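1. A structural model of the following input is requested.
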Amino acid sequence: MSGQTITKSLVDGLDKQASEYTVWDAKVPGFGVRVRPTGAKSFIIVYRAGTGRTAPVRRYTVAAVGKLAPEAARTQAKILLGNIANGADPAAEKRANRPKRDRLTFDELAQLYLDQYAKVRKSSWKNDEGYLKKPRAKWKRRIASEITDDDVAELLEEIGATAPVGANRTQSILHTLFSWAKEPGRKHVSVNPVADMRRRYQETARERVLNDEEIRTLWWGLDDPELPAGRSVALALRFILATMVRPGQSSGLLIPELVGFTGEDPQYHIPKHRVKKRREVIVPLNALAVASVREAIIWDDQGAVFCSWSTAAKGADSTGNESQVEARPQLLPVTRDSLSAALNGRPAKGKWPARRGIREHLGMAHFTPHDLRRTAATIARRGGAKRQDVKALLDHLEGDVTATYDKYDMLPEKRGVASILEAELRKIIGVKPNFCRPEIVFDRDNIVPIEEQKIAVAS
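-> The predicted structure is shown next:
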């Protein structure tokens with residue numbers, strides 16, 4: 001099983017094929033990298049469980065590519081093969097430690113799915129975690145292999161009564177979960193109860209675009225002192241409208257990702273894990289976007305740009321007396337879900353009173369944070385931006401082979417769209433009403449250092 005030395009460049013260059021294949025390492029016999037037809041790659045070892053030619057051949061997964069570097073995986077393989085030489089059988093041990101099908105609860109299965117599949121393969125695994133909350137609550141202690149299609153149908157009807165789209169997403173996640181759990185070598189369940197289910201609820205394409213009056217109402221309404229949302233949430237929503245970024249990319253913005261922020265060409269460098277197709281994207285920032293960021297940054301070491309103060313829960317002291325421990329405020333990043341929650345508000349539930357949402361407070365029809373992105377693209381096109389340039393700023397990929405090789409980032413064209421978007425927004429929002437805070441104008445000749453800002457806030 002001789003081959004070539006497994007390195008990062010070699011692993012990165014391995015493409016998926018119609019059938020599974022393995023490239024073996026020249027340094028460590030029995031160590032290799034397996035490539036599945038799906039494109040998933042993992043470091044493996046093969047060995048004989050015992051001595052002699054009649055001993056069964058085993059295959060054991062060391063780690064998924066990405067969780068360990070090739071050199072670290074090779075080191076781990078050497079350790080495992082050394083243990084095997086002394087009589088160990090890691091594949092058998094793994095099977096022995098695997099939860100038995102007849103006692104694995106759905107809650108346990110859902111956690112295994114998240115840890116072993118979703119978090120490894122999906123940048124959007126948080127969505128899976130969210131959509132699994134209701135199934136986990138309903139079937140928490142149910143044996144996973146005993147859940148039937150009728151159980152799934154009942155759950156989807158309950159969800160669909162108030163959230164039909166959520167029911168469809170839950171159905172898709174459950175289908176993936178049970179398919180994964182049914183795979184050979186795992187067999188946590190014998191059948192997929194979602195396999196033959198049709199999608200229960202019809203969905204329509206989202207087309208909501210705010211008109212000019214709504215844009216003006218929202219833009220200045222976010223400055224209303226009585227707004228039922230934190231200032232950072234308001235600024236993160238405004239940032240979406242000024243940049244066309246996705247809601248998660250707005251709420252997830254970190255200070256180190258602002259490049260050239262005090263220069264002539266401020267940019268937001270979005271990292272791979274926050275972008276579809278896992279690649280870095282550069283978004284040029286116009287003055288309106290920069291103004292939102294500058295107001296949101298309180299401390300230079302706060303990490304995320306859009307943060308809010310939250311009081312940590314009280315804990316008990318060494319005597320167990322909770323009342324003697326003071327709650328300490330924490331600066332926590334705004335999340336994508338918090339943007340939607342701020343727009344929606346919250347009905348009364350238990351001891352929690354009802355909370356008005358931003359839309360209700362401003363008297364606006366329903367829209368989502370993502371609709372602001374669509375609105376920004378629409379007004380940029382109306383202002384004269386070319387369709388392909390808007391597409392580049394939206395980070396919408398082409399689907400053909402050429403797109404795989406064409407790596408031109410279209411940064412000049414995206415700057416042009418950002419400028420047109422700013423000009424159109426300024427025409428729409430006009431003069432601010434009296435209740436609003438003074439607008440922060442980005443003045444590169446009058447930048448206040450962070451340290452002076454801290455002194456001003458402290459005083």
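
2. which of the residues in the helix or strand in which Val390 is found are buried?
-> Assigned by DSSP states H and E, Val390 falls within helix 387-394. Going by neighbour count (16 or more other CB atoms under 10 Å), the buried part of helix 387-394 is Asp389, Val390, Lys391, Ala392, Leu393, Leu394. Yep, even glycine has a C-beta here, placed from its N, CA and C like the rest.

3. my guess is the last one meets His370, correct?
-> So the one you mean is Leu394. No: contact criterion CB atoms under 8 Å: Leu394 and His370 do not qualify, at 11.4 Å.

4. helices or strands next to the helix holding Val390 in the packing?
-> helix 369-382, helix 411-429 (3 or more CB pairs under 8 Å, 6 or more residues apart in numbering; DSSP states H and E).

5. Tell me how far the residue lying farthest from the centre of the chain lies from Ile420.
-> Outermost residue of the chain with respect to the C-alpha centroid, by CA atoms, centre = their mean, is Gly52; its distance is 49.6 Å. Distance of Gly52 to Ile420, given as CB to CB, to the nearest Å: 75 Å.

6. Equivalent analysis for Tyr21, please.
-> For Tyr21, the distance to Ile420 - CB to CB - is 49 Å.

7. got it, and Asn192?
-> 49 Å.

8. go on, Val57?
-> 63 Å.

9. Gly185 too?
-> Taking CB to CB, one finds Gly185 at 54 Å from Ile420.

10. Same question for Leu254.
-> Taking CB to CB, one finds Leu254 at 27 Å from Ile420.

11. of these two, who's got more company?
-> Set side by side, Leu254 and Ile420 show more neighbours around Ile420, with 21 against 17, by other CB atoms under 10 Å.

12. so Arg59 is in which element?
-> Here Arg59 is assigned to strand 57-64, by DSSP H and E.

13. Give me the pLDDT for the nearest residue to Asp212 once chain neighbours are set aside.
-> Nearest residue to Asp212 in three dimensions, chain neighbours excluded: Ile428, at 4.9 Å (CB to CB, 6 or more residues apart in numbering). Turning to Ile428, the model gives it a pLDDT of 96.

14. Arg336 too?
-> pLDDT at Arg336 comes out at 86.

15. wait, it sits on Leu253?
-> No: the criterion here is CB under 8 Å, and Arg336 misses it with Leu253 at 11.4 Å.

16. Compare the two and say which is more crowded by neighbours.
-> Neighbour totals were compared for Arg336 and Leu253, and Leu253 leads with 25 against 19 (other CB under 10 Å).

17. Trp282 falls within a helix, correct?
-> No, residue 282 isn't Trp; it's Ile. No: counting by DSSP: H, G, I helix; E, B strand; the rest coil, Ile282 is not found in a helix; it is strand.

18. Near Pro225, how many other residues are there?
-> Residues near Pro225, counting by other CB under 10 Å: 7.

19. what helix or strand is it on?
-> Applying DSSP H and E, one finds Pro225 in no helix or strand.

20. and if you look at the one 10 residues further on?
-> Element membership for Leu235 (DSSP H and E) is helix 231-243.

21. What residues of that helix count as buried?
-> Buried residues in helix 231-243, counting neighbours by 16+ other CB under 10 Å, are found at Ser232, Val233, Ala234, Leu235, Ala236, Leu237, Arg238, Phe239, Ile240, Leu241, Ala242, Thr243.

22. The fifth one touches Thr335, doesn't it?
-> No: Ala236 sits out of contact with Thr335 when judged by CB under 8 Å, with a separation of 9.6 Å.

23. what is in contact with those two at once?
-> Jointly contacting Ala236 and Thr335 under the rule CB atoms under 8 Å, 6 or more residues apart in numbering are Ser251.

24. related to what we said a few turns ago, what's the average pLDDT for the helix holding Val390?
-> 94.

25. which stretches of the stretch 1-150 of the chain aren't confidently modelled?
-> Within the stretch 1-150 of the chain, the segments meeting pLDDT under 70 span 1-2, 98-102.

26. Roughly how far does the residue nearest in space to the middle of the chain sit from Tyr131?
-> Nearest to the geometric centre of the chain sits Ser124, at 4.4 Å (CA atoms, centre = their mean). Distance of Ser124 to Tyr131, given as CB to CB: 10 Å.

27. Please apply the same query to Glu93.
-> 33 Å.

28. tell me how far the ends of stretch 378-388 are from each other?
-> Stretch 378-388 has an end-to-end distance of 13 Å (CA to CA, to the nearest Å).

29. And it, what's buried?
-> Ile379, Ala380, Arg381, Gly383, Ala385.

30. Specify which member of the residues you listed is nearest to Pro347.
-> Using CB to CB, Ile379 comes nearest to Pro347 of the buried residues of stretch 378-388, at 33.1 Å.
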